[in-house]
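**Student:** Task: produce atomic coordinates for the following.
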Amino acid sequence: MVWIAITAALCSAFCLAFGAHFQAMAVRNSVGGLDLKIGNISKLVSNGRWMSGLLLMVLGMALNVFALANAPLTVVQPIGAIALVITALVNARESDLTMNRPTVLAIASCMVGSVGFVLMAIMVTNTNQSMTQAEAHLIEFILACVVVAVALCTVLFHKKLGAFFYIAGAGILFGFVAVLVRMIAVAVLDLGDSSLSKLPWLAGLSVVVAGLIGSYFVQKAYSKGPPDLVIAGLTVIDPIIGIAIGVIILGELRPDVPVLISLAMLVAGILAIIGVVALSRHHPDVIERRAKHAAQGRKSPQGEQE
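**Tutor:** Numbering: from 1, shown residues only. As a prediction, this is how the structure comes out:
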C-alpha cells in the first residue's frame, strides 16, 4: 500500500505543478498583463485552460490526501516538494526564461527548509486528535483577525502589494484551514447518532471564508508573479502555520524535545521562508516585470508633458 501511496504522491506533484502553470498562464492572458480584479473572475471561469488547471489542482490535492492517509508523512512530504521543481522547469521552458543562480538557490532553500522543518516536527510532536471547544474558538478568533488584517491591507494598499503578500496571505489562511478541516473531519467521524447541531458549524463557515479569500489571493499572485513562487509559498508557509498552531495552541509538542532539534527547526523554517522571499525578488519573471514597470514609469511623465 505504501508504494501505491508513493505513486499517488508523485502524480499529485505533477498535477499541482501543471495545474498551477495552466492557471497562471490563463490569469495572465485573461487580464492582459494587468492586475487581477474581482470583475475578471468571470473571464477565468469561462477560460478552458484555467478550468483545466483547476481540475488538475483539485485532483492533485485529492491524490495527496490519499497518499497521506496510506503512507507516513516522512515519505509523502519530500515527494510533494518535487512540485516546486517541476513547476519551475515547466514555467521556464514555456516562458522561455533562463533560471539564474539566485532563483536556483532560492528553490533549493525552499525545498530543504520546508522538508527539514516538517520531518523534524514529526519527531517532536504528538498528533492530538481531540480539540477542546476553547481551543477551536481561539483558532477561529485568530483566523478572523488574520482575515480582517489581510482584507484591510488589500483594500488600503492594493496598488503597492506584490506577489509575496498574496502568496504569504494564502499560505497563512490555508494553514488555518487545514487545522480546522481536520477538526471537522474528526467531529464528523465521532458524530454517530448524535444531532447535526453538535457539528462545528462555525469552523465550517471559517473554512469557507478563509478558503475563498485564500483562493482569490492565489489567483492574484498568479497575475503578479511566476507559478513556481505560488507553489513555493504554499508548500512552505501552509505546513509551517499548521504545525505552529498544533504546537502553540493545541499543545502537540512533546515535553522532552532536545534544544538542538528546536534550534534546527527554527533554522529550517527561516531557511524556507528566506527561499520564498528570495524567489519573489530574484526570479527572472519578477525581474522582467520590474523592468517593464520601471520603463512604463519613465514613459508616463514624458507622455503627460507632451
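**Student:** so where do the helices sit in the stretch 151-300 of the chain?
**Tutor:** Listed in chain order, the helices of the stretch 151-300 of the chain (DSSP state H, counting those that start in this stretch) span 163-189, 201-224, 227-248, 259-282, 284-305.
**Student:** brain fart, the stretch 1-150 of the chain
**Tutor:** 2-31, 41-45, 48-70, 73-80, 82-94, 101-124, 133-157.
**Student:** can you list the ones you listed in a markdown table and add mean pLDDT and distance to Glu252?
**Tutor:** C-beta: built from backbone N, CA, C; applies to glycine. Shown next, in a markdown table, are these (pLDDT from 0 to 100; distance: least, Cβ to Cβ, whole Å):
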| stretch | mean pLDDT | distance to Glu252 |
| --- | --- | --- |
| helix 2-31 | 84 | 23 |
| helix 41-45 | 71 | 37 |
| helix 48-70 | 84 | 17 |
| helix 73-80 | 66 | 13 |
| helix 82-94 | 82 | 26 |
| helix 101-124 | 85 | 9 |
| helix 133-157 | 92 | 11 |
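**Student:** With Met120 as the reference, measure out to the closest residue to Ala88 other than its chain neighbours.
**Tutor:** Sequence neighbours aside, Asp228 is the residue nearest to Ala88 in space, at 4.1 Å (criterion: Cβ to Cβ, 6 or more residues apart in numbering). Distance from Asp228 to Met120, counting by Cβ to Cβ, to the nearest Å: 25 Å.
**Student:** The two: which has the busier surroundings?
**Tutor:** Neighbours were tallied for Asp228 and for Met120 using other Cβ atoms under 10 Å; the higher tally belongs to Asp228 (30 against 20).
**Student:** returning to what we had before: so which of the helices of the stretch 1-150 of the chain is nearest Ala264?
**Tutor:** Nearest to Ala264 among the helices of the stretch 1-150 of the chain is helix 101-124 (6.0 Å), distances taken as Cβ to Cβ.
**Student:** buried ones in that closest one?
**Tutor:** Residues 103, 106-107, 109-111, 113-118, 120-121, 124 are the ones in helix 101-124 that count as buried (16 or more other Cβ atoms under 10 Å).
**Student:** and if you look at stretch 154-166?
**Tutor:** Along stretch 154-166, these residues count as buried under the neighbour rule (16+ other Cβ under 10 Å): 154, 161-166.
**Student:** Ok, stretch 135-142 next?
**Tutor:** Quick answer for stretch 135-142 (16+ other Cβ under 10 Å): 135-136, 139-140.
**Student:** Cool, thanks, talk later.
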